[in-house]
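1. Pasting the sequence and the predicted model now:
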Amino acid sequence: MSTLVECKSLSHSYGKKKALDDINLTICSGRIVGLFGPNGSGKTTLIKKLTGMIHDESGSIVICGNPVGERSKALVSYSPDRVVFNAGSKVSDLLDMYELMYEDFDRVCAEENLKKLNIEKEEYVGKLSKGNAEKIQILLTMSRKSALFILDEPFNGVDPVAKESIIKIMLGCVPEDSSLLISTHQIRDVEQVLDEAVFIKEGKILFHRSVEEIRSETGRSLSETYMEEFR
Amino acid sequence: MNKRLYKLESIVTGKIMLIFTSLVAVYMLLSTICTVASNSTSTDSAFIMKTIFVLISALIIILAGFAMIKRLYNLLFTDEGLMRLSFPVKNHEHLNSNLKYAATRLGIMLIIFFTGLSISDAVVKNRVERWGVGNLYSSFLDIYTGNGLSSPVAKTVLTIVILIIAFAVIAANIYLSFVFTLTVSSRICGKYNILRKKGVIFIAGIVMYNIHLLIAELFTRIEYSYSEWLAFGRGYDLFGPDCTLLSAIDRPVINILIYGVTAVLMYRISANIMDKKLNI
Amino acid sequence: MPWNLDSDKPIFIQIVERIESDIVSGKYAPGDKLPTVRDLAVEAAVNPNTMQKAYGELEKIGLVYSQRTSGRFVTDDKSLIEKTRKELAKRSAAEFLAKMKELGISKEEAVKLL
């Protein structure tokens, strides 16, 4: 198992407020990793650093041997914490855009999944329900053959049925050697899916462990562990 | 990958720009037809038609410029940026592609606009004041011929070319002022993570200030560049016998240089912010 | 439907139990081809690595064997399936008795109840 992402002494502050404080994190290939923490703990900041949305550099990030930049962006597939598509574009426009901009985009797979979700290609994004828009964003993100998939709050405002189909899209699409990083508050919904869990608090990593290890050692589920840590 | 980004920008901005361009073209045709129709009756209606054409076309071209700026605003200040900045290209390529299509599309509109002016100039002949490039040419030709200098045609063409360059530099300077405002305020918002949503108000303040500044500047800038050649009715005498080097490198050329250099500077700073300092 | 798994206990043990009971109950007949790791992981909504581990465990027991090119199959060894059936029955009987004991019901009383 090779190292996919390596963050070394990563820090970031907004003015005087520290959002990330000396983070060291390694993600190996072929793993599904959950990123958990209360609001404002620095999850989104960490993700934005990994995806190159934030530039003020301190510490280093290496993704498959590349620093964050246009080459790392070609390897990382990222879904932000809200729907980012222009309301005026059609679903088919989005497919065209992804196909144009990403060489590893698998259009056939994306269209199959669209059919499974019963979403019309000619529909405008603005007219879709919140859950469906979120599903399309995850679907497009997952339809690439990337090395690393990053999903920030993929279950924001979606119903339980949509949640289930999003999880199935996620599991069905990840290539074997690729890794998936999910940041979410809905631990209960993802804990069966995870290999590893990273707990983050006030910009620091509390712990980073295998989920099955936590279960067999403490006899507690991940959500119980979370409640205990952050109560 | 850059080529793909350019293609995407061209597709995305294509529709709205096509609408704007065809509007200018339709107005051009309408005004020409109306001018021709009014040929035999009154000169007043021809003048009114032409004025309306100029005003509406100018408005459309300014709106088209704003539509292109809006693309950059969306990139830097809305959620759409999170998606577009994930594309595997260097960040400043977004700026480059925007500038490229703003320049070509607005250029095409301006060419149509001036062609329209020249056509109506040709149609109405001397009945109404002429505003087109052809008019510029003949008035300079008059000046140079009147002065009895050698090769008046070459000088006239040269003067008009310099005028067009001056116009283009000023337009680029104005456009880049907006780009600069957007990138710098994005940097300020991103650095302290403030006003991201309400940042609009902040940006609006800066933009309003700039619009005020630009409108005031626009007249002086164009006046500067024109006055030496037009208002004083001398023509731009680069090579004539009574031209000294000192008077040749006059305010207009220095102005063009200043606007050109500041435009390039603003572009460099914006590109640098986008590549190294952007926090979305 | 995702499988109803208990998040307090290691997931892979629960998956092994689930597939064992599927084989014993005849949902997968002897010699049947099993779904691929990926398909079953998606169906159950669990991590593919965990599913892989569960299949590995089943292979170790002998209930499942893999052919390199064509996938995984349920064993033809009926006596092994029979043995597993008994083991599973024993296990649930033990669980039942433990539960009864918790309620303060003796073995004899429990048998009477049945």
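-> Perfect, thanks for sending it.
2. quick one: low-confidence ranges for the chain?
-> By default, I'm working from chain A. A:1 (pLDDT under 70).
3. you looked at the wrong chain, it should be chain C
-> Applying pLDDT under 70 to chain C flags the ranges C:1-2.
4. mind listing the helices for it?
-> Counting by DSSP state H, chain C has helices at residues C:11-25, C:37-44, C:48-61, C:78-102, C:107-113.
5. possible to save those as CSV with mean neighbour count?
-> From N, CA and C alone the C-beta is placed, and that goes for glycine too. Formatted as CSV, the helices of chain C follow (neighbours: other CB atoms under 10 Å in any protein chain shown):
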stretch, mean neighbour count
helix C:11-25, 19
helix C:37-44, 20
helix C:48-61, 19
helix C:78-102, 12
helix C:107-113, 10
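6. Distance to A:Val76 for these - can I get that in JSON lines?
-> Formatted as JSON lines, these follow (distance: least, CB to CB, whole Å):
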{"stretch": "helix C:11-25", "distance to A:Val76": "28"}
{"stretch": "helix C:37-44", "distance to A:Val76": "22"}
{"stretch": "helix C:48-61", "distance to A:Val76": "20"}
{"stretch": "helix C:78-102", "distance to A:Val76": "45"}
{"stretch": "helix C:107-113", "distance to A:Val76": "58"}
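7. Can you convert the ones you listed into JSON lines and add a column each for distance to chain B?
-> Formatted as JSON lines, these follow (distance: least, CB to the nearest CB, whole Å):
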{"stretch": "helix C:11-25", "distance to chain B": "33"}
{"stretch": "helix C:37-44", "distance to chain B": "26"}
{"stretch": "helix C:48-61", "distance to chain B": "26"}
{"stretch": "helix C:78-102", "distance to chain B": "50"}
{"stretch": "helix C:107-113", "distance to chain B": "61"}
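8. closest one to A:Lys90 among those?
-> Closest approach to A:Lys90 among the helices of chain C is made by helix C:37-44 (28.3 Å; CB to CB).
9. Keeping just the C-alphas, turn the closest one into PDB.
-> Extracted in PDB, the C-alpha atoms of helix C:37-44 (Å, rounded to 0.1, in the frame of the first residue of the first chain):
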ATOM      1  CA  VAL C  37     -16.500  -8.100  -3.700                       C
ATOM      2  CA  ARG C  38     -17.400  -4.800  -5.300                       C
ATOM      3  CA  ASP C  39     -21.000  -5.800  -6.100                       C
ATOM      4  CA  LEU C  40     -21.700  -7.200  -2.700                       C
ATOM      5  CA  ALA C  41     -20.000  -4.300  -1.000                       C
ATOM      6  CA  VAL C  42     -22.300  -1.900  -2.900                       C
ATOM      7  CA  GLU C  43     -25.300  -4.000  -2.100                       C
ATOM      8  CA  ALA C  44     -24.500  -4.200   1.600                       C
END
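10. same for that helix, what does it pack against?
-> Secondary-structure packing of helix C:37-44 (3 or more CB pairs under 8 Å, 6 or more residues apart in numbering or on different chains; DSSP states H and E): helix A:160-173, helix C:48-61.
11. list the helices and strands the first one packs on?
-> Put plainly, it is helix A:160-173. Here helix A:160-173 touches helix A:107-116, helix A:130-142, helix A:187-190, helix C:37-44, going by 3+ CB pairs under 8 Å, 6+ apart.
12. quick revisit: nearest to B:Lys50, out of the helices of chain C?
-> With CB to CB as the criterion, B:Lys50 lies closest to helix C:37-44 of the helices of chain C, at 68.7 Å.
13. Does C:Leu5 touch A:Arg188 like I think?
-> No - counting by CB atoms under 8 Å, C:Leu5 does not reach A:Arg188; the two are 11.6 Å apart.
14. Looking at these two, which one has more neighbours?
-> C:Leu5 (18 against 13; other CB atoms under 10 Å in any protein chain shown).
15. Spatially, what comes nearest to that one if we skip its sequence neighbours?
-> Leaving aside its chain neighbours, C:Leu5 sits nearest to C:Gln14 (5.0 Å; criterion: CB to CB, 6 or more residues apart in numbering or on different chains).
16. that older thread, which one of the helices and strands packed on helix A:160-173 is the most hemmed in?
-> The highest average neighbour count among these, using mean count of other CB atoms under 10 Å in any protein chain shown, belongs to helix A:130-142 at a mean of 22.
17. for that helix, packing partners?
-> On a contact count with 3+ CB pairs under 8 Å, 6+ apart, helix A:130-142 meets strand A:76-79, helix A:91-101, helix A:107-116, strand A:148-152, helix A:160-173.
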